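A.B. asks: Compute the structure for the input listed below.
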Amino acid sequence: MTKGADIEKKKEHIEHMFNNIAPHYDFLNHFLSLGIDRYWRYKAANILKSHAPARILDVASGTGDFAIAVARRLHPESITGYDISEQMLRIGREKVQKKGLEGIISFRQGASEDMPFEDAAFDAVTVAFGVRNFERLDLGLKEFERVLSKNGVAVILEFSRPRIFPVRQLYALYSHYMVPWLGRLFSRDASAYRYLPQSVEAFPDGADFMAKLTQAGFGGVAQKRLTFGIVTIYIAEK
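C.D. replies: Numbering: from 1, shown residues only. Next comes the predicted model:
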């Protein structure tokens, strides 16, 4: 099998996985993080607010939680939620409609490495807990830089590996054993929640990810670690 076929197969697997867990996704996000995920999104939205973007692209938007948080905090002209999973987006559309945000938030389906948007179409690109799922991370980050306007910013919220004792050890136990067990209990899909710690471990976090952002063409790159390093917010300016 060729490398391209491998990438396409993995992409289909991820799409199927997220379509499968979509009905339980929001509940498990809040439950497994003990509700702290709302605080993480708030902190990322607060960083984005200082840039006052009018047009925002929320990549790996899922069910729209971060897009909704940004809409409420920033009141931008528009937010486009973009995700590979149609089932996730279907739930996102329902949530947006219930919250009366249809005039601000819209959704499109597609893959991050080849986005159907014009150059410089957005003032900000955001991702919350999705960049580690990109099939070709370097291409995805270059797409971010391409679709951003001059002086635009990318704000990326992602899981990272804690470095300090005993948080590192406790987090490893929780993510490798408790998360798959609870995921299987509530969603009937343990494989999706085994994928979570595997994807976090495989992701080039911290300085390695900042280097990739620089290689993709971004200028000022910074990071802010939260909750003992369990998550990190990356800020990359064009």
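
A.B. asks: residues contacting residue 130?
C.D. replies: Residues counted as contacts of residue 130 (C-beta atoms under 8 Å, 6 or more residues apart in numbering) are 59, 60, 61, 62, 83, 158. All C-beta spots, glycine's among them, are computed from the backbone N, C-alpha and C.

A.B. asks: ok, and the most crowded of those residues?
C.D. replies: Among those, the one with the most neighbours (other C-beta atoms under 10 Å) is residue 61, at 29 neighbours.

A.B. asks: ok, that one touching residue 82?
C.D. replies: Yes - counting by C-beta atoms under 8 Å, residue 82 is a contact partner of residue 61 at 5.8 Å.

A.B. asks: so what does the longest strand along the chain touch, helix or strand wise?
C.D. replies: For the chain, the longest strand by residue count, based on DSSP state E, is strand 148-159. Counting by 3 or more C-beta pairs under 8 Å, 6 or more residues apart in numbering; DSSP states H and E, the packing neighbours recorded for strand 148-159 are helix 36-49, strand 122-128, strand 231-237.

A.B. asks: Name every strand pairing with the second one and say which way it goes.
C.D. replies: Spelled out, it's strand 122-128. strand 55-59 (parallel), strand 148-159 (parallel) (DSSP bridges).

A.B. asks: Would you mind listing the buried residues in the shortest one?
C.D. replies: Of the residues in strand 55-59, 55, 56, 57, 58, 59 count as buried by neighbour count, 16 or more other C-beta atoms under 10 Å.

A.B. asks: Isn't the fourth one up against residue 80?
C.D. replies: This means residue 58. Yes - Residue 58 lies in contact with residue 80 (C-beta under 8 Å); the separation is 6.9 Å.

A.B. asks: still on that earlier bit, deepest-packed of the helices and strands packed on strand 148-159, please.
C.D. replies: The highest mean neighbour count among the helices and strands packed on strand 148-159, using mean count of other C-beta atoms under 10 Å, belongs to strand 122-128: a mean of 26.

A.B. asks: Spit out the contact partners of residue 49.
C.D. replies: By C-beta under 8 Å, 6+ apart, residue 49 lies in contact with 73, 74.

A.B. asks: Numbering from 44 from now on, please.
C.D. replies: Fine by me, first position is 44 from now on; the one you just mentioned is residue 92.
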